[in-house]
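Engineer: Sequence and predicted structure below; questions after.
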Amino acid sequence: MLVLSRKVDEWIQIGDELFVGPTDIDAKGVRLLAHGRMLGGPEDGAAFKKAQEVALGGEMRIGPHVVVTVVDIRGEQARFGLVVPASLTVHRKEVVDAAKKAREDER
């Protein structure tokens, strides 16, 4: 399990087309928003958008292969445990955006 900390509107990018992030955080739980393309299962590749209230210790399942668990909440920041297939990358979205910009600047 990979663990990442996020604040409201800070996104996690899974693979190339799946994004997950908190839209609200309080002491009891987090409202998570996930959108992008489904990974695996009968809806593989289908566009989706899903919002869910997740209590501390609870999880959001995104298709058959991705699970996001709320492992800790500290003030305005939540820690998320992610279980994804080994073939997928998981990054903070701002890191992906910075790397993309650096590649474009090199051209």
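Structural biologist: Thanks, I have the structure now.
Engineer: What's the local residue count around V8?
Structural biologist: Burial of V8, expressed as a neighbour count using other Cβ atoms under 10 Å, amounts to 14. Any C-beta I mention is one placed from the backbone N, CA and C, and that applies to glycine too.
Engineer: swap that for R37, please
Structural biologist: Tallying neighbours of R37 according to other Cβ under 10 Å, which is how burial is gauged here, yields 15.
Engineer: did I read that right, V96 in a strand?
Structural biologist: No - with DSSP: H, G, I helix; E, B strand; the rest coil as the criterion, V96 is helix rather than part of a strand.
Engineer: Excluding chain neighbours, what is closest to it?
Structural biologist: Across the structure, with Cβ to Cβ, 6 or more residues apart in numbering as the measure, the residue nearest V96 apart from its sequence neighbours is Q13 (5.1 Å).
Engineer: ok, that neighbour to D26 distance?
Structural biologist: Using Cβ to Cβ, to the nearest Å, one obtains 25 Å as the distance from Q13 to D26.
Engineer: Give me the more crowded residue out of those two.
Structural biologist: A direct count of neighbours by other Cβ under 10 Å for Q13 and D26 places Q13 higher, at 21 against 11.
Engineer: Which strand or helix spans the more buried one?
Structural biologist: Secondary structure assigned from DSSP states H and E places Q13 in strand 12-14.
Engineer: Could you list the buried residues of whatever helix or strand A34 lives in?
Structural biologist: Assessed by DSSP H and E, A34 sits inside strand 29-37. Buried residues in strand 29-37, counted by 16 or more other Cβ atoms under 10 Å: 29-30, 32-36.
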